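>>> coords please:
(2 chains)
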Number of protein chains: 2
Amino acid sequence: MRRHQHHHHRPPSPDTTESESSEETMMKCVSCKEEYDTDDAGTCRECYEEASETEEELKREIEELKSKVNFLRFWDSRPHLRSTVICSFTDVVLVAVDADSGKPVVNSVPVPANKAVLASRSPVFRAMLETEMEESLSGTIKLSDVSYDALRAFVNYLYTAEASLDDEMACELLILADKYEVKHLKTYCEKFLISKLNWESSLMNYSFANQHNANNLLDAALSLILDNMDKLSKREEYVELVEKDPRLVVEIYEAYLSKQVNTAAIVGIHDDKGTKR
Amino acid sequence: MRRHQHHHHRPPSPDTTESESSEETMMKCVSCKEEYDTDDAGTCRECYEEASETEEELKREIEELKSKVNFLRFWDSRPHLRSTVICSFTDVVLVAVDADSGKPVVNSVPVPANKAVLASRSPVFRAMLETEMEESLSGTIKLSDVSYDALRAFVNYLYTAEASLDDEMACELLILADKYEVKHLKTYCEKFLISKLNWESSLMNYSFANQHNANNLLDAALSLILDNMDKLSKREEYVELVEKDPRLVVEIYEAYLSKQVNTAAIVGIHDDKGTKR
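Sure thing, here's the model as predicted:
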């Protein structure tokens, strides 16, 4: 941002009377066009003009980036392109299989894709396809513990960086993103789940985040839990979690204790300064 | 952007003397921290705070879009990925050939690529590869009138939306972008060439833009030419252009005439209103 070097202040008008000067202190805001007095004053005119320029520049940058994203994604607003790319030029298929039988899940069909795209988006796919592993030779990648819908959404995301999420889809995609190390998708799902967090869902999300290495979600859920420790042990999920993963429950108590110690330390500092409440 | 509904104006302090009130009209800008008086006043405080929030939001959006672009491009900051994608998973090569002999240009090698990427970025490649044309069957696309360097930069742009330009490269890439209908690249090259435009280069750029359907560049060059009509016929390029493409020179004169008529009309309106100079 350009910064101006100095202001040019005009001298106050010489024939100012007291009543006039009190009127003069009312100014009209160049942005909202309402009147305000010196107590509500914000910026000088030059800073306002610079800020407006900056805003325009940022908006132009956003437009350019959006057009770049549109250029780089494979379809989206151009669904006819999708069928073309999918039908003509793919060299691998992804199949959602049942973990036990290894057979494709009911009502699913193989999802076609490009090795180059998979390899560029996921280091796991890259390793799989670069080497002479089964997947590379057969041209078929089997994914277990995933619904057909989630698999299609996953592949779509790798081509477009877009997915429409609900709670279930966000969880399914986060699991895939963790497994195949697609960081961008993981962050996207975490943001969605964090925006939906509440006290009721925090324990479940905490356990889920821990299982799938979603650290942002883990921190957000833990913070909510710590704010509601008094109600914690009354929850059904708490009892279940103690049963299923007691180590994780210990971590909650450790975080709680550490928070209490820190709070005490801060209160201690205040007490030393004599600012007792 | 949220708009606030009303301001809370505090009443002026009752014991204001004249000298104090003249001091009161000096305010400290919340942005640059310098003093200013009412004549230099910009916005009220609320509008300043809202503008700051807006700026933060825009910057967050830019960061998100940048990370999307990084996710969707194939390599760039990850050159090791480039070799992987290029070597293992490509299904087509592009070759720079001599227009006359049809043989590869000196010191060039075929540039490997993915049909899916080419088809998603360029409708011309798509048509070429979808149908059973020679290019699709042989897996080789021949491009004439292009240097090996420009071909590599072109393919790189299709994967990353990035190219480092100088005058020559911008012209070569613009020609390719026009031929293969890669709008995003064409706009990119035009912006670069427009930023470099000056009176000396305007005639050459005008002719070049006309040849390759670069309308933004054409308009910018024409506008510079019209501002310098008195010097036009003295230029060497002018004589050459009259020789090479007289129709295009006619268009310059037509635009000049039309501009003169418009200017006269505006002056006429002013004259009617009695605002003679």
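>>> correct me, but A:S120 touches B:F74?
Yes. At 4.6 Å, A:S120 and B:F74 qualify as touching, with contact defined as C-beta atoms under 8 Å. Where you see a C-beta, it was placed from the backbone N, CA and C, and this is true even at glycine.
>>> So which of these two has more stuff around it?
A:S120 (26 against 22; other C-beta atoms under 10 Å in any protein chain shown).
>>> That one should be in a helix, yeah?
Yes. Using DSSP: H, G, I helix; E, B strand; the rest coil, the assignment for A:S120 is a helix.
>>> Excluding chain neighbours, what is closest to A:L232?
A:Y238 (5.7 Å; C-beta to C-beta, 6 or more residues apart in numbering or on different chains).
>>> Now do the SS call for the one you found.
Under the three-state scheme (three-state DSSP), A:Y238 adopts helix.
>>> ok, for A:I194, nearest residue in space, not its chain neighbours?
Once flanking residues are discounted, A:I194 sits nearest to A:A220: 4.6 Å by C-beta to C-beta, 6+ apart.
>>> Next, work out how far apart the one you found and chain B are.
When C-beta to the nearest C-beta, to the nearest Å is applied, the distance between A:A220 and chain B equals 17 Å.
>>> How about A:E35?
The value you get for A:E35 to chain B, if C-beta to the nearest C-beta is used, is 7 Å.
>>> Now the closest residue to that residue other than its chain neighbours. Its backbone dihedrals?
Closest residue in space to A:E35, ignoring its immediate chain neighbours: A:M26 at 5.0 Å, by C-beta to C-beta, 6+ apart. Taking degrees, to the nearest 10, you get phi -90, psi 130 for the backbone angles of A:M26.
>>> I'd assumed A:D39 was in contact with A:M26.
No. Checked against C-beta under 8 Å, the pair A:M26 and A:D39 is beyond contact range at 11.0 Å.
>>> more crowded one of the two?
A:D39 (16 against 13).
>>> separation between the more buried one and B:K28?
Separation of A:D39 from B:K28 (C-beta to C-beta, to the nearest Å): 12 Å.
>>> One more: A:H184?
Note on A:H184: its distance to B:K28, by C-beta to C-beta, is 44 Å.
>>> For the two, indicate the residue with more neighbours.
Between A:H184 and B:K28, counted using other C-beta under 10 Å, A:H184 has the larger neighbour count: 16 against 13.
>>> count of residues packed around A:D166?
There are 9 residues near A:D166, going by other C-beta under 10 Å.
>>> Model confidence for it, exactly?
As predicted, A:D166 sits at a pLDDT of 96.
>>> so who does it touch?
Neighbour list for A:D166: empty [criterion: C-beta atoms under 8 Å, 6 or more residues apart in numbering or on different chains].
>>> And the strands in chain A?
Taking DSSP state E as the criterion, chain A contains strands spanning A:27-28, A:35-36, A:92-97, A:111-113, A:140-144.
>>> Report all helices and strands that the second one contacts.
It refers to strand A:35-36. Using 3 or more C-beta pairs under 8 Å, 6 or more residues apart in numbering or on different chains; DSSP states H and E as the contact criterion, the elements in contact with strand A:35-36 are strand A:27-28.
>>> Given the strand it packs on, what are its sheet partners and their directions?
Sheet pairing of strand A:27-28 (DSSP bridges) gives strand A:35-36 (antiparallel).
>>> model confidence over the partner strand, on average?
When pLDDT is averaged over strand A:35-36, the result is 90.
>>> Determine how far that strand lies from the middle of the whole chain.
Taking C-alpha atoms, centre = their mean, to the nearest Å, one finds the center of strand A:35-36 at 39 Å from the center of the full chain.
>>> Sketch out the helices for the stretch 101-250 of chain A, chain order is fine.
A:115-121, A:123-130, A:134-138, A:148-160, A:167-179, A:183-196, A:199-211, A:215-226, A:229-232, A:236-244, A:246-272 (DSSP state H, counting those that start in this stretch).
>>> which residues touch the residue of the stretch 151-277 of chain A found nearest chain B?
As assessed by C-beta to the nearest C-beta, chain B sits closest to A:H184 within the stretch 151-277 of chain A, at 4.1 Å. Residues in contact with A:H184 (C-beta under 8 Å, 6+ apart) are A:161, B:67-68, B:70-71.
>>> picking that back up, comparing the helices of the stretch 101-250 of chain A, which comes out most buried?
Ranked by mean neighbour count under mean count of other C-beta atoms under 10 Å in any protein chain shown, the helices of the stretch 101-250 of chain A are led by helix A:115-121, which reaches a mean of 25.
>>> Show residues contacting that one.
In contact with helix A:115-121 (C-beta under 8 Å, 6+ apart) are residues A:74, A:91-92, A:125-126, A:129-130, A:136, A:141, A:158-159, A:182, B:71, B:74-75, B:81, B:84-85, B:88-90, B:114, B:116-117.
>>> domains for chain A, by residue range?
A:43-72, A:75-161 (automatic domain parsing).
>>> Redo the ones you listed as JSON lines? Include mean pLDDT.
Supplementary listing: these in JSON lines, determined by pLDDT from 0 to 100:
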{"stretch": "domain A:43-72", "mean pLDDT": "94"}
{"stretch": "domain A:75-161", "mean pLDDT": "85"}
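>>> Any chance of TSV for the ones you listed, columns distance to B:R247?
As requested, the domains of chain A are exported to TSV (distance: least, C-beta to C-beta, whole Å):
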stretch	distance to B:R247
domain A:43-72	34
domain A:75-161	37
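>>> Between the ones you listed, which one is closest to B:E200.
Checking the domains of chain A against B:E200 by C-beta to C-beta gives domain A:43-72 as the closest, at 28.3 Å.
>>> Show me what counts as buried in that closest one.
A:43-48, A:50-51, A:54, A:58, A:61-62, A:65, A:68-69, A:71-72 (16 or more other C-beta atoms under 10 Å in any protein chain shown).
>>> ranking the helices of the stretch 101-250 of chain A by mean pLDDT, which is last?
Among these, helix A:134-138 carries the lowest mean pLDDT (a mean of 77).
>>> which helices and strands does that helix pack with?
Judged by 3+ C-beta pairs under 8 Å, 6+ apart, the packing partners of helix A:134-138 are helix A:123-130.
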